[in-house]
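# Whatever this is, show me its structure:
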Amino acid sequence: MDVEHITSGAQFADVTIPQLLSSRRAARPDEIAFKQKRRGEWTATTWKQYSDLVANLAAALQKAGFKHGDRAAIMGDVSQEWLLADMATICAGGVMVGVYFTSSPEEVGYYLSDSGASFVFVGSELQLNIVLASGQTEKLRNIIVLDPEWKGAGGPANVVPLQVFCGETSVDADVFLREQVAKAKASDLASIGYTSGTTGFPKGAMLTHLSLLAGAHSVTTFSSKLRSDAHRVVVHLPMSHTVARAQATTLPLLIRLIPYFGETSADFAQTIKEVKPTYFMAPPRFYQRFATQILSKVHSGSEKQKQDYQFAMTIARKALDDRQAGSVPNPFISALFAVCRERIFRPLLAEVGFEELTVTYTSSAAMPSELMSLWQLWGLQLKECYGQTELVGANLVQMAEWPEAGTVGVPVHDAAWQTAVLEDGEMIVKGPGLFVGYWNKPEETKSALRDGWLYTGDIVEIGPTGLFKLVDRKKEIINTSNGKSISPTQIENEIRHSPFISEAAVIGEGKKYLTALIEVDATATMEWAKSRDVRIARYSDLAESEIVVRMVEGEIAKANGRLARAEQIKAFRILPEELSPENGVMTPTRKKRRKQIMERYRSLIDSLYDDSEENLIKTEVGI
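Numbers count the residues shown, from 1 in each chain. Predicted structure coming up:
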């Protein structure tokens with residue numbers, strides 16, 4: 001099938017994933033499908049080899065009793081085996097259930113119980129032990145360990161290494177895939193993608209072949225370069241994440257994209273520098289860390305290097321201002337900017353492996369405008385897009401060559417997708433890539449899907465030029481005791497403009513004024529303190545440092561200067577630890593779990609408020 005000439009997601013209405021894998025096998029058998037690094041060496045796998053492995057594993061699943069519509073969960077770090085398990089599950093007629101490898105035994109137990117998974121793939125012994133502690137093992141036919149080095153001994157009889165599970169299974173991939181293509185329909189359920197719920201356990205979004213392929217196709221509409229050129233991408237986010245899964249599984253079926261899998265996700269920074277990707281998409285936090293790394297390099301350079309950098313930044317600001325204003329670029333400034341990009345900025349981008357990037361996007365969270373502008377000044381055409389698990393792909397993207405920071409662009413250029421804004425500002429979306437409902441949750445499905453429209457829960461504004469701007473989550477509005485309804489996300493974005501603040505959580509529900517819990521950027525803040533002869537070795541010590549507290553106070557004051565009086569932060573505390581999924585206050589996709597933040601840091605929050613009046617009233621009424 002010639003997918004390169006498909007122009008709309010609606011054209012995937014009769015297309016399935018096994019069909020596209022079979023087409024790739026026939027059309028490009030000897031081209032590289034993906035690369036994996038093991039023991040310091042990169043190994044390439046061709047489309048013929050890839051489809052052989054998928055067919056054999058899918059056949060082994062069917063031989064073990066896996067039937068059409070059955071669910072298989074996958075929990076593991078980024079690897080080619082994760083990809084093979086994903087594709088084999090789908091090609092066997094089943095439904096893939098992604099589980100974040102950072103999940104706790106309780107969370108894993110919920111995923112397995114809720115989805116009714118009968119098979120589980122685990123990446124390593126660590127994940128195996130978590131599954132074994134989930135309380136669901138007796139309900140599983142097999143737990144298959146993907147790590148090729150794992151031999152295993154003892155334990156439940158249903159635990160088996162991947163090589164042993166496949167055993168002597170060997171099928172003719174051409175024949176097997178043809179049989180699966182004949183059985184599969186675009187409307188078949190192919191995946192349950194659990195959303196990163198910010199309160200309680202997440203909901204399982206049901207995704208069909210059409211959902212996955214039309215959603216991936218929406219990403220290909222972002223850039224002509226993405227469709228016309230061959231690209232390298234480093235898969236670095238957990239493969240349960242919509243972006244990572246698209247990069248590894250579905251996008252390579254549609255465009256010439258080669259995914260690279262590093263040794264582990266912990267080696268991501270080194271992998272990026274080795275691969276030098278040409279395509280990259282990540283949440284803003286990654287760009288902030290890389291920017292901090294580059295700025296540290298700049299600040300540690302010689303006086304001559306610093307002068308050259310400042311001159312280049314002056315030229316870049318002029319060039320970028322002209323482009324964003326729509327003015328005809330001054331030829332002299334444009335020529336100077338080109339020289340600065342090559343001689344000054346490109347070597348800096350090489351410090352983080354970004355020197356060959358031609359297609360670059362950010363998603364999953366709001367990108368601070370200053371951070372976006374900084375990367376653009378360095379010559380990286382970084383753009384923002386909007387999507388969510390229920391959309392699979394994206395429905396908003398910045399299309400301008402040098403887009404306006406602070407917006408998420410315009411609806412994708414595909415007539416099959418429709419975007420509308422309700423009176424209360426909530427954005428709703430209709431299109432071929434939508435999920436078809438929440439697994440086992442009919443009431444939640446009715447609330448989210450109405451007359452074919454997805455109610456996103458996101459509040460947006462549309463500017464005079466038609467550009468969309470995310471304002472907040474509909475259910476995350478803070479109502480203060482003064483009767484003000486305030487968007488915490490907008491305020492948090494203003495605070496995060498500071499290069500020293502990586503995250504902020506605004507507090508104030510039912511309170512007289514707003515306060516904030518601050519996560520400082522450890523690298524940038526420690527470097528700043530070091531420049532003032534104050535050495536801080538651990539993150540936990542930052543919150544106790546008087547000089548750091550005063551510096552953050554100044555950064556909060558700057559943010560307050562850009563906010564309305566009712567939105568200003570009256571007090572703050574620096575968190576004693578970094579926010580992370582491991583301590584339960586962030587989702588795996590770096591979204592804040594506000595309820596858990598309130599619970600974990602209750603004593604810190606209480607210290608921010610003088611509740612004497614409230615306590616007096618409580619005493620009077622006997623509470």
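# From the contact counts, what lies against the longest helix along the chain?
Assignment by DSSP state H gives helix 303-324 as the longest helix of the chain. For helix 303-324, the packing partners by 3 or more CB pairs under 8 Å, 6 or more residues apart in numbering; DSSP states H and E come out as helix 284-299, helix 331-340, helix 369-377. No exception for glycine: its C-beta is placed from N, CA and C like everyone else's.
# got the CA coordinates for the helix or strand that the second one is followed by in CSV?
Next along the chain after helix 331-340, taking DSSP states H and E as the criterion, comes helix 346-350. Backbone C-alpha positions of helix 346-350 (Å, rounded to 0.1, in the frame of the first residue of the first chain) are rendered in CSV as follows:
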residue,chain,number,x,y,z
ARG,A,346,25.8,24.8,15.9
PRO,A,347,28.8,23.8,18.1
LEU,A,348,26.6,24.6,21.1
LEU,A,349,23.8,22.5,19.8
ALA,A,350,26.3,19.7,19.3
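# Would you list the strands that whichever helix or strand comes after helix 346-350 pairs with, along with their directions?
Tracing the chain past helix 346-350, the next element assigned as helix or strand by DSSP H and E is strand 359-362. Using DSSP bridges, the strands paired with strand 359-362 are strand 279-282 (parallel), strand 382-386 (parallel).
# Any chance you could list what contacts strand 359-362?
Here strand 359-362 makes contact (CB atoms under 8 Å, 6 or more residues apart in numbering) with 222-223, 225-226, 231, 278-284, 287, 354, 372, 375, 380-385, 397.
# Can you spell out the domain ranges of this structure, please?
43-184, 477-620 (automatic domain parsing).
# mean pLDDT for those domains: which is lowest?
Mean pLDDT is lowest for domain 477-620 out of those, coming in at a mean of 86.
# who's in contact with the helix or strand hosting Val243?
Assessed by DSSP H and E, Val243 sits inside helix 242-245. Helix 242-245 is contacted from outside by 78, 86, 98, 193, 215, 235-239, 281-282, 363-364, 387-389, 392, using CB under 8 Å, 6+ apart.
# mind listing which of these are in helices?
Per DSSP H, those map to helices at 86, 215.
# ok so, going back, and the strands paired with strand 359-362 as JSON lines, adding mean neighbour count?
Below are these laid out as JSON lines (neighbours: other CB atoms under 10 Å):
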{"stretch": "strand 279-282", "mean neighbour count": "23"}
{"stretch": "strand 382-386", "mean neighbour count": "25"}
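# would you turn those strands into a markdown table with distance to Ala448?
Formatted as a markdown table, these follow (distance: least, CB to CB, whole Å):
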| stretch | distance to Ala448 |
| --- | --- |
| strand 279-282 | 25 |
| strand 382-386 | 17 |
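# Can you add distance to Gln307 and mean pLDDT and give these back as a markdown table?
Converted to a markdown table, those look like this (distance: least, CB to CB, whole Å; pLDDT from 0 to 100):
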| stretch | distance to Gln307 | mean pLDDT |
| --- | --- | --- |
| strand 279-282 | 30 | 95 |
| strand 382-386 | 26 | 92 |
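# Tell me which of the ones you listed sits nearest to Ser51.
Between Ser51 and those, the tightest spacing by CB to CB is seen for strand 279-282, at 23.0 Å.
# who touches that closest one?
226, 231-234, 236-237, 243, 247, 257, 354, 357-363, 385.
# quick one, helices of the stretch 501-623 of the chain?
522-530, 539-542, 546-560, 594-600, 602-606, 612-620 (DSSP state H, counting those that start in this stretch).
# May I have the residues that are in contact with Asn56?
166, 169-171, 173.
# Among those residues, name the buried ones.
Neighbour counting with 16 or more other CB atoms under 10 Å marks 166, 169, 171, 173 as buried within those.
# what's the closest of these to Gln11?
Ala173 (25.9 Å).
# what residues are up against that closest one?
So Ala173 contacts 25, 48, 51-52, 54-56 (CB under 8 Å, 6+ apart).
# How about Val298?
305-306, 309, 348.
# Look up how far Thr292 lies from it.
11 Å (CB to CB, to the nearest Å).
# ok, which pair from the contacts of Val298 is furthest apart?
Lys306 and Leu348 (12.2 Å).
# Neighbour count for the two, which is higher?
Leu348 (20 against 13; other CB atoms under 10 Å).
# so how many other residues sit close to the closest residue to the more buried one other than its chain neighbours?
The shortest distance from Leu348 to any non-neighbouring residue, by CB to CB, 6 or more residues apart in numbering, is to Ile294 (5.1 Å). Neighbour count for Ile294, taken as other CB under 10 Å: 20.
# For Lys276, see how far away Ile294 is.
16 Å.
# Contacts only, for Asp52.
Ala173.
# Only the buried residues of the strand or helix carrying it, if you could.
Using DSSP H and E, Asp52 maps to helix 47-63. Neighbour-count burial for helix 47-63 flags 47-62 (criterion: 16+ other CB under 10 Å).
# And stretch 411-430, by the same measure?
Result for stretch 411-430 [16+ other CB under 10 Å]: buried residues 411-412, 414, 416-417, 419, 426-430.
# Also stretch 100-117?
100-103, 107-112, 114-115, 117.
# Leu132 is in contact with Gly155, isn't it?
Yes. Contact criterion CB atoms under 8 Å: Leu132 and Gly155 qualify, at 7.3 Å.
# Select from the contacts of Asn56 every entry located in helices.
Checked against DSSP H, these include these in helices: 166, 173.
# can you tell me which two in the contacts of Asn56 are farthest apart?
Cys166 and Ala173 (13.4 Å).
# quick one on the thing from earlier: which among the contacts of Ala173 gets closest to Arg550?
Closest to Arg550, out of all of the contacts of Ala173 and judged by CB to CB, is Val54, at 57.8 Å.
# Can you name the residues that contact Ala504?
Per CB under 8 Å, 6+ apart, neighbours of Ala504: 491-492, 495-496, 516-519.
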